[in-house]
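> quick one: sequence plus predicted model below, questions after.
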Amino acid sequence: MGKSYFSDIDFDFAKHPTSKYAIAGQPTTLPCSPPISYPPANVTWYKNNQPLTNQFSNGSQTVFIVDPANGIWDLFIADVQRIHEGQYFCVAENVFAVPTSRTSKVATLRVGGTKFLLNSKLLTFLSSSQEPQGQF
């Protein structure tokens, strides 16, 4: 008697990416927990409808998936800058299931602000029209 194999990918993501406003120079994370899948799904991140594979490769590891070997597919940006602004989503793929993939909701990442040090206190100016945050 032959072995029986079963493959499947659920419909719903456990956690979708969420839109956020990040401060330039600070770290930020976009979450992505793919649907339950057997075998486990592979996840690809997209920015502005393009796969993120080489968009930020400049010799440093400033943008990476947290820990795919252990199923943590969150996108971490160590030093967010305006070039990181855009529309992000993740796609979970299980080539053995039908259909083979699921797509998360789209999240918008906006980046702004500048960091200033004044009398050893960190102040963040979100824009010239807003008051600084922090203590003098």
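Sure, I can see it.
> residue contacts, Pro39?
If you count contacts by Cβ atoms under 8 Å, 6 or more residues apart in numbering, Pro39 has them with 7, 94, 96. In short, each C-beta sits where N, CA and C put it, glycine included.
> pipe these into a markdown table and attach neighbour count per row.
Shown next, in a markdown table, are the contacts of Pro39 (neighbours: other Cβ atoms under 10 Å):
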| residue | neighbour count |
| --- | --- |
| Ser7 | 13 |
| Asn94 | 22 |
| Phe96 | 13 |
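> list just the nearest of the residues you listed to Leu30.
Lowest distance from Leu30 to the contacts of Pro39 (Cβ to Cβ) belongs to Asn94, with 21.6 Å.
> verify the contact between the closest one and Ala41 for me.
Yes - if you go by Cβ atoms under 8 Å, Asn94 and Ala41 touch, sitting 4.6 Å apart.
> could you name every residue contacting both of the two?
Shared contacts of Asn94 and Ala41, counting by Cβ under 8 Å, 6+ apart, come down to 9, 101.
> start and end of stretch 85-101, how far apart?
25 Å (Cα to Cα, to the nearest Å).
> quick one: that stretch to chain centroid distance?
Put simply, stretch 85-101 sits 13 Å off its chain's centre (Cα atoms, centre = their mean, to the nearest Å).
> stretch 81-93 too?
6 Å.
> buried ones in that stretch, by neighbour count?
Neighbour-count burial for stretch 81-93 flags 84-86, 88-93 (criterion: 16 or more other Cβ atoms under 10 Å).
> so which of those is the closest to Ser19?
Proximity of the buried residues of stretch 81-93 to Ser19 (Cβ to Cβ) peaks at Tyr88, which lies at 8.9 Å.
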